[in-house]
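> Below are the sequence and a predicted model for it; my questions follow.
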Amino acid sequence: MSFKVPVGPAQIVIHGGQTILMSKLTGQIDYPSDKGLYFRDTRLLSAWAVYANGEPWDLLNGGAVSYDVARIFLINRAFATEDGAVPAQTLGLVLGRVIDGGMHEDLDITNYGLKPVRFNLEIALRCDFADIFEVEADHIVRRGHIGAR
């Protein structure tokens with residue numbers, strides 16, 4: 001008699017107390033999705049991405065190293081700067097995440113090239129404060145009003 005062992009989606013999940021963080025293996029949180037930073041029944045962070053001069057990073061390896069800690073190793077794609085091109089795999093980025101009364105994140109960049117590199121490190125965040133039932137139903141209702149003068 002054989003049986004199937006279901007395997008869930010490729011993701012990283014860490015938690016501490018009533019706080020849970022779910023992300024892709026790259027550490028990114030795409031919107032829309034069910035991933036994000038949750039506290040109790042509310043999603044606080046609904047999107048997270050990091051770029052080097054507009055280019056996303058490629059995954060080397062990573063995952064949860066304990067129930068409340070994740071470490072993700074990324075490498076750059078080739079991109080252009082004011083000082084010239086930066087070849088792929090010149091820069092390494094390590095994301096260290098800890099859930100302990102909130103989310104703490106360290107971003108450590110290492111230059112493996114022979115020359116100094118200047119570039120824009122871009123971190124994009126999005127918060128929707130959606131209820132967990134809205135997320136599960138894939139029906140997020142945007143609330144509030146944004147005004148500018």
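In hand now; what should we look at? Numbers count the residues shown, from 1 in each chain.
> Distance-wise, check E55 relative to G63.
23 Å (Cβ to Cβ, to the nearest Å). For glycine as for every other residue, the C-beta is placed from the backbone atoms N, C-alpha and C.
> after the helix or strand harbouring Y51, next one along is what?
In the assignment (DSSP states H and E), Y51 maps to strand 47-52. Next helix or strand after strand 47-52 toward the C-terminus (DSSP H and E): strand 55-56.
> Not counting that next one itself, show me its contacts.
T26, Q28, A49, V50, N76, R77, A78, F79 (Cβ atoms under 8 Å, 6 or more residues apart in numbering).
> go on, stretch 128-137?
Against stretch 128-137 from outside (Cβ under 8 Å, 6+ apart): 31, 34, 36, 38, 41-44, 46, 140-143.
> Quick one: end-to-end distance for that stretch.
Length of stretch 128-137, first residue to last, Cα to Cα, to the nearest Å: 15 Å.
> could you pull out the strands for this protein?
12-16, 19-23, 36-39, 42-45, 47-52, 55-56, 58-66, 69-75, 79-81, 84-86, 91-99, 103-111, 121-126, 130-131 (DSSP state E).
> Look up the closest residue to A70, ignoring the ones flanking it.
R97 (4.5 Å; Cβ to Cβ, 6 or more residues apart in numbering).
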